[in-house]
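sharing a sequence plus its predicted fold:
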Amino acid sequence: MKITVHRLTLAACFAASFVTASAQTRNIRGDISHVTGPHTSVPLRVIGAGRANEGLRADWQAQLATVQREIGFQYIRMHGILNDDMGVYTEDLHGNPQFNFQYVDALYDALLQMHIRPFVELTFMPSKLASGPQTVFWWKGNITPPKDPAKWSALIRAFTAHMKARYGEDEINQWYFEVWNEPDLQNLFFAGSVDDYLALYKNTAEAVKAECPACRVGGPASAMPWKFEEAFEQYVTAKNIPADFVASHAYGVTKGFLDADGKAGTILDPSLDSVSGRMKHSRELIEHSGRPSMELHFTEWSSSYTPTDYLHDQYHQASFILDKIKRASPYVDSMSYWTFTDIFEENGPRFTPFHGGFGLMNLEGIRKPSYFAYRFLHLLGTEDVASDDPQSWITRSADGSVQALVWDYTPTVPPAHQTDQTFYKEEQPPTAKGTLRLRLDHLRNGNYHLAIYAVGYGRNDVYTAYLHMGRPDQLTRAQTSELHAASKGEPESTAEIQIHDGVFTRDLPIRTNDVYLFVLTPARGSGTNPKDANEPLESPFQ
């Protein structure tokens with residue numbers, strides 16, 4: 001295949017990068033007999049998408065079907081379910097509300113068929129109900145409060161009642177209803193004050209609960225740290241307003257919250273507690289509020305808040321995702337990565353196949369390195385086992401299989417006078433960091449199938465392959481197929497091995513921002529001739 005040319009080129013890069021490899025060895029040890037608890041469900045609970053109307057596209061649905069087949073999220077959250085382009089609301093000549101949920105039904109039917117539930121973000125304001133003309137984004141989501149709170153309440157009640165009638169109360173009791181999006185960004189996402197938002201929240205939450213008392217409702221989906229969350233928590237407690245969860249957002253940059261025109265220059269925050277520190281503090285606010293049992297959902301998060309940040313496309317994003325999830329998962333009930341696809345039109349249709357978009361997949365459905373961070377999380381087991389390394393997750397499953405996910409997260413800040421938009425747009429070869437030595441103790445003796453998966457520079461690294469292709473503005477079918485082949489996620493190496501003393505060890509070279517997944521699966525009468533567990537595998541770099 002044509003892709004062989006690129007693989008050979010990248011293999012040469014690997015060899016060069018290890019010529020000056022340090023003698024340093026990173027030792028990771030896991031005790032398979034020592035279970036520390038169930039493996040967290042946080043990473044795969046919620047995923048984000050741009051806006052509801054995009055979900056009516058065939059290519060969007062095809063990409064989500066792949067995501068669900070290979071990863072499997074429980075919920076999906078997106079903007080604009082009430083936008084004019086979803087056709088939910090108008091008024092007759094006498095100003096009487098008219099409701100229509102046919103487009104919503106088509107979208108939600110498709111989602112549920114793919115075994116993913118809506119995390120319903122109740123935005124934006126239908127123009128016939130809006131108090132002003134202010135909008136955000138290319139698709140003009142109206143950001144103003146309702147001109148008539150009673151009509152807004154009627155819309156929310158009609159929406160909730162329709163969902164209950166169509167899908168059943170037992171089903172929608174499992175959904176989440178989030179009131180608005182980032183209202184703290186005043187005149188950007190909400191043309192009103194804090195008090196205006198809190199009044200809107202009260203109206204909306206009570207309308208949802210009037211039709212579905214067990215449905216879960218919350219807010220404020222804030223962008224900026226803490227103050228808005230505190231005001232929200234104090235308000236719902238003091239006024240006894242329904243609130244089942246707190247929602248907020250976090251991005252791993254040093255400044256900024258919104259990029260409505262796609263021109264913001266962003267810089268990665270290298271602090272190891274960026275993102276996770278924000279989430280930890282939000283949990284502490286809830287614990288010290290009048291409602292300490294509320295759930296905490298970060299309904300947007302990523303390395304950057306703009307769909308023009310090339311870090312989203314680079315191999316570094318995989319280790320960034322894994323490191324932030326590992327650090328943050330003890331504090332949150334979900335972390336909704338923003339987003340699963342580059343079919344995303346806040347700044348209008350995109351003109352190149354890679355442009356720093358948010359997605360785990362690009363416009364053509366080509367899997368980025370970030371995709372495999374989630375694919376590897378899906379392949380982990382049901383129980384965590386004791387490990388002595390914070391940049392790893394070692395798990396086991398009831399069938400006796402064992403999984404070890406290991407990464408190096410080395411945040412790389414653009415040099416002076418550059419931003420993520422310029423620095424990460426170019427090829428970024430890694431730095432060698434020596435040897436990774438994995439040791440797993442107290443495995444059951446016997447024959448295993450060993451598969452080693454990898455993401456890093458040149459491995460499931462479609463953006464580097466795209467750069468080597470000459471970064472064409474538009475892809476031919478042959479180029480699209482070639483890039484798909486460069487990012488299939490198949491094991492880098494496999495072998496049949498034998499564990500005879502309860503110990504598995506493996507040494508592999510590791511570079512900055514490499515990710516490895518080791519999967520040991522007990523053999524089931526395969527009839528293979530197993531190797532000793534400590535014999536070297538065929539190099540994944542060949």
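Thanks, I have it. Numbers count the residues shown, from 1 in each chain.

from here on, contacts and neighbour counts on C-alpha atoms
Will do.

contacting residues around Lys326?
Gln391 (CA atoms under 8 Å, 6 or more residues apart in numbering).

tell me which element it falls in.
Per DSSP states H and E, Lys326 falls inside helix 316-328.

tell me how far that helix lies from the chain's centre.
10 Å (CA atoms, centre = their mean, to the nearest Å).

mean confidence score for that helix?
Here helix 316-328 scores 98 as its mean pLDDT.

now stretch 349-364
Stretch 349-364 comes out with an average pLDDT of 96.

what does stretch 165-184 give?
97.

what's it in contact with?
Around stretch 165-184, the neighbours that count as contacts under CA under 8 Å, 6+ apart are 79, 117-124, 163-164, 189-190, 194, 197, 201, 204-205, 212, 214-224, 228, 247.

so what pLDDT did the nearest residue to Ser303 once chain neighbours are set aside get?
Leaving aside its sequence neighbours, Ser303 sits nearest to Gly252 (CA to CA, 6 or more residues apart in numbering; 4.4 Å). Looking at Gly252, its pLDDT reads 95.

next one: phi and psi at Ile241?
Ile241 adopts backbone torsions of phi -90, psi 140, taken as degrees, to the nearest 10.

surely it and Lys202 touch.
Yes: contact criterion CA atoms under 8 Å: Ile241 and Lys202 qualify, at 6.3 Å.

quick one, phi psi at the residue nearest to Ser303?
phi -90, psi 50.

residues in contact with it?
For Gly252, the contacting residues are 268-269, 274-275, 302-304, by CA under 8 Å, 6+ apart.

number of nearby residues for Arg69?
For Arg69, the neighbour count with other CA atoms under 10 Å is 12.

buried residues in the one helix or strand it maps to, which are they?
Using DSSP H and E, Arg69 falls within helix 58-70. Buried residues in helix 58-70, counted by 16 or more other CA atoms under 10 Å: 60-61, 63-65, 67-68, 70.

and the contacts of Gly252, which is closest to Arg51?
Proximity of these to Arg51 (CA to CA) peaks at Ser302, which lies at 17.1 Å.

what's the nearest residue to that closest one if we skip its chain neighbours?
Distances taken as CA to CA, 6+ apart place Tyr251 nearest to Ser302, at 5.1 Å, with adjacent residues excluded.

that neighbour touches Trp301, doesn't it?
Yes: here Tyr251 reaches Trp301: they are 5.3 Å apart, a contact under CA under 8 Å.

confirm that Asp384 sits in a strand.
Yes: assignment of Asp384 by DSSP: H, G, I helix; E, B strand; the rest coil places it within a strand.

surely it touches Ser392?
No: here Asp384 lies out of contact with Ser392, judged by CA under 8 Å, at a distance of 10.8 Å.

for the stretch 151-300 of the chain, which spans come out with low pLDDT?
Counting by pLDDT under 70, the ranges of the stretch 151-300 of the chain that qualify are 256-262.

show me the strands in it, by range?
Here the stretch 151-300 of the chain has its strands, by DSSP state E, counting those that start in this stretch, at 176-179, 216-222, 245-251, 295-302.

could I get these as JSON lines with distance to Thr341?
As requested, the strands of the stretch 151-300 of the chain are exported to JSON lines (distance: least, CA to CA, whole Å):
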{"stretch": "strand 176-179", "distance to Thr341": "21"}
{"stretch": "strand 216-222", "distance to Thr341": "21"}
{"stretch": "strand 245-251", "distance to Thr341": "17"}
{"stretch": "strand 295-302", "distance to Thr341": "13"}
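
how about CSV for those strands, with mean neighbour count and distance to Asp105 added?
Output for these, formatted as CSV (neighbours: other CA atoms under 10 Å; distance: least, CA to CA, whole Å):
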stretch, mean neighbour count, distance to Asp105
strand 176-179, 24, 16
strand 216-222, 25, 20
strand 245-251, 24, 25
strand 295-302, 23, 22
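
number of residues surrounding Ala110?
Ala110, neighbours per other CA under 10 Å, totals 18.

gap between it and Ile47?
Distance, Ala110 to Ile47, by CA to CA, to the nearest Å: 16 Å.

who's in contact with the nearest residue to Trp226 once chain neighbours are set aside?
Spatial nearest neighbour of Trp226, chain neighbours left out: Ser282 (6.7 Å); criterion: CA to CA, 6+ apart. Residues in contact with Ser282 (CA under 8 Å, 6+ apart) are 226, 229, 296.

quick one: the first one from Met114, how far?
To tie it back to what came earlier, the one meant is Trp226. 35 Å.

what about the two, which has more around it?
Per other CA under 10 Å, whichever of Trp226 and Met114 has more neighbours is Met114, with 19 against 16.

so that one sits against Glu70, correct?
No: between Met114 and Glu70 no contact is recorded; they are 11.8 Å apart, counting by CA under 8 Å.

send the alpha carbons of the lengthiest strand in the chain over as PDB?
Using DSSP state E, we find that the single longest strand of the chain is strand 25-38. Taking C-alpha atoms only, strand 25-38 is exported to PDB below (Å, rounded to 0.1, in the frame of the first residue of the first chain):
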ATOM      1  CA  THR A  25      14.800   3.700  32.900                       C
ATOM      2  CA  ARG A  26      11.300   4.400  34.000                       C
ATOM      3  CA  ASN A  27      10.100   1.500  36.100                       C
ATOM      4  CA  ILE A  28       6.400   0.800  36.400                       C
ATOM      5  CA  ARG A  29       5.300  -2.100  38.700                       C
ATOM      6  CA  GLY A  30       1.700  -3.400  39.100                       C
ATOM      7  CA  ASP A  31       0.400  -6.000  41.600                       C
ATOM      8  CA  ILE A  32      -2.400  -7.800  39.800                       C
ATOM      9  CA  SER A  33      -3.400  -9.500  43.100                       C
ATOM     10  CA  HIS A  34      -4.000  -6.100  44.800                       C
ATOM     11  CA  VAL A  35      -7.300  -4.600  43.600                       C
ATOM     12  CA  THR A  36      -7.700  -0.900  44.700                       C
ATOM     13  CA  GLY A  37     -11.300  -0.600  43.500                       C
ATOM     14  CA  PRO A  38     -13.600  -0.600  40.500                       C
END
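
cheers, nothing more for now.
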